[in-house]
Every structure is written in structure tokens, then in C-alpha cells.
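>>> Starting from these lines, generate the structure:
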Amino acid sequence: ERAELAEKNLKGIEEELETVGENMKQLEKAAEKALEREEKLVEKIFSLQSKYKVTEARFEYGEMNITKLNQRIDDIEDEIYREKLKVKKCSDELDDTFDDMITNY
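Reported below is the predicted structural model:
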């Protein structure tokens, strides 16, 4: 009777060990998958960081170009204004000349 009881206990322990072994295998597989996911995510993070740096550099370059273009536009507008003043001055001089011609001849 004691032998039967010991054998039942042994069987129970063996079954429990088998279950624990299977659980360990499942946990190991889950840990491997988690590690693979982590590695992929780390790679993705590095890739995104790299893309971010490139994008940030392009943004800064674009901003710099916009500043230069705005300055160029301002310079051209100033030049146009000066040229308009010159044309106005010439036009006024021509008007004065024609007025003088009409009154004197």
C-alpha cells in the first residue's frame, strides 16, 4: 500500500515535471520571439532616428533657402522701386521738356 502511494506520488511528480518542462519550452519560445521582436523594434528605432536626422537636415536647408529667397525677393523689389523712380523722373523730365517745347516754339 505504501509502495502504491509512493508510486502514485512519483507519477504525480513526474507528470508535474513534464508539465513544468513543457511550460519551460513554451516560455523559452516566447522569450525567443520577444527577443526577435525587440531586435526588430530596435532596428526600426535606429532607422526612424536616421530618417528623422535626414529630414531635420533637409528642413534646415529648406529654411535657409527660403531665407535667402526672401532676401533676394526683397532686393528685387527694392531694385524695381528704384527703377520705377528713375522712370518717373525721366517721364517728368520729358513732360517738362515737351511743355517747354510747346510754350517756346
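>>> Distance of the residue sitting nearest the centre point of the chain relative to R58?
In the chain, the C-alpha closest to the average C-alpha coordinate belongs to Y52, at a distance of 4.0 Å (CA atoms, centre = their mean). Distance of Y52 to R58, given as CB to CB, to the nearest Å: 11 Å. Yep, even glycine has a C-beta here, placed from its N, CA and C like the rest.
>>> What segments of the chain are helices?
2-104 (DSSP state H).
>>> Give the burial count for E93, as a bare number.
If you count neighbours by other CB atoms under 10 Å, E93 ends up with 10.
>>> okay, it: pLDDT?
E93 carries a pLDDT value of 96.
>>> what separates it from K86, distance-wise?
When distance is defined by CB to CB, E93 is 11 Å away from K86.
>>> pLDDT below threshold where in this protein?
Applying pLDDT under 70 to the chain flags no residue at all.
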